[in-house]
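A.B. asks: Quick check, what structure comes out for this input:
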Amino acid sequence: MTNTLTRRGFAVLGAATLAAPMLARMAHAQDPVKLRFSAVFSEQDIRAQMMKKFVEGIGPGFAYEGFYGGTLFKQGTELVALQRGNLELSNIAPQDVSNQVPAWSALTSGYLFRDSAHLTKFFASDVGAEMKKLAEDQLGIKILGPTFYGTRQVGLNNDKKITTPADMAGIKLRMPGGEAWQFLGQALGANPTPMAYAEVYTGLQTGAIDGQDNPLPNVENMKFFEVMKQIVMTSHLVAFDLLTLSGKVWEGLSDEQKATVQKAADEAIAFSTAEHVKREEELAKSFAERGLQVYKPDVEAFRAHVQKAYLESTLAKDWPEGLVDRISAL
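C.D. replies: Below is the predicted model:
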């Protein structure tokens, strides 16, 4: 049998050969962008609602898959997973950023931000943009915005009255792992004890730890109040994480996609911030009604003690000159 290929046949074959890569690229371009999200917070958390808002905002051009409760990556390992390409999206603690970018330890220090509004203003400012770019350039990530999740308070499983940092001596206070977190526990006057978030309830219940520090919404979501006797309203840290995208994924998006993602993040974060502020006010009263002691210690004594500890520490040597003053002036 003889195969005959005419000039017209060559032309058709050539056109098809040239078109194949282009068609493949077009098909690939139409595939939804894969976004696996990992976070330590539970699906009952306000921030899980935030992520639902985010998903609604980005639309069908993205394939979102959420993993909550540290089921995909453990607390503190998410940033490295983003950098290695094993994860696309996460809620990163600034303390984890500071492990690789020491200047960021300033943003993890106690009594730096006054409230959520001050935090938001910082990230919208020139100094906030400078710190954000510093982290993005060094780590290969895209920070979409700060996810405020409440102001951290001290919760104890005993009745010891806490008025000043001196009263915290000997208290085994659970803090997340990492130098920045552990130093904050020391600055409060306690004996910081690293422990995974998922283990805190059992730790309080068994006495492995005497207390933990978390915003009130977290205390509610994780039911820590069931194994606590008091909440000391130290308000020592305006708590936030960073909704963060892999730099590789961000650079692979079109300008239109980038605008869509950023807009969705801004709106979801604003929703979450407002909900957390509202919930904190409600819970302070609610916990007292449920039998817990809820009271303010000498907050100024704590503030002075904590700030002095930071300024005298080796951490402060890595802080950009004038950074704290610029933040305070906002």
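A.B. asks: Tell me where the stretch 1-150 of the chain has strands.
C.D. replies: Along the stretch 1-150 of the chain, counting by DSSP state E, counting those that start in this stretch, strands occupy 33-38, 62-67, 89-92, 141-156.
A.B. asks: Could I get those in CSV, plus columns for distance to Gln230, mean pLDDT and mean neighbour count?
C.D. replies: All C-beta spots, glycine's among them, are computed from the backbone N, C-alpha and C. What follows is the strands of the stretch 1-150 of the chain, written out as CSV (distance: least, Cβ to Cβ, whole Å; pLDDT from 0 to 100; neighbours: other Cβ atoms under 10 Å):
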stretch, distance to Gln230, mean pLDDT, mean neighbour count
strand 33-38, 33, 98, 19
strand 62-67, 34, 98, 16
strand 89-92, 29, 98, 25
strand 141-156, 5, 98, 24
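A.B. asks: okay, the ones you listed in CSV with distance to Ala48 next?
C.D. replies: Below are the strands of the stretch 1-150 of the chain laid out as CSV (distance: least, Cβ to Cβ, whole Å):
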stretch, distance to Ala48
strand 33-38, 10
strand 62-67, 8
strand 89-92, 10
strand 141-156, 11
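A.B. asks: To His305, which of those lies closest?
C.D. replies: Checking the strands of the stretch 1-150 of the chain against His305 by Cβ to Cβ gives strand 141-156 as the closest, at 13.4 Å.
A.B. asks: Can you list the strands that the closest one pairs with?
C.D. replies: As defined by DSSP bridges, the strand partners of strand 141-156 come to strand 211-214 (antiparallel), strand 230-246 (antiparallel).
A.B. asks: List the strands paired with the next helix-or-strand element following it, with their directions.
C.D. replies: Toward the C-terminus, strand 141-156 is succeeded by strand 172-175 as the next helix or strand (DSSP states H and E). Note on strand 172-175: by DSSP bridges, its sheet partners are strand 191-194 (parallel), strand 211-214 (parallel).
A.B. asks: Could you pull out the buried residues of the first one?
C.D. replies: Of the residues in strand 191-194, those buried under the neighbour-count criterion (16 or more other Cβ atoms under 10 Å) are Pro192, Thr193.
A.B. asks: which residues are contacting the helix or strand just after that strand?
C.D. replies: Counting by DSSP H and E, the next helix or strand C-terminal to strand 191-194 is helix 200-206. Residues outside helix 200-206 that contact it (Cβ atoms under 8 Å, 6 or more residues apart in numbering) are 157, 174, 195, 208-209, 211-212, 222-224, 226-228.
A.B. asks: cool, stretch 295-313 as well?
C.D. replies: 109-111, 162-165, 167, 183-184, 186-189, 230-236, 316.
A.B. asks: Take the strands paired with strand 172-175 and lay them out in JSON lines including distance to Asn99.
C.D. replies: What follows is those, written out as JSON lines (distance: least, Cβ to Cβ, whole Å):
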{"stretch": "strand 191-194", "distance to Asn99": "14"}
{"stretch": "strand 211-214", "distance to Asn99": "19"}
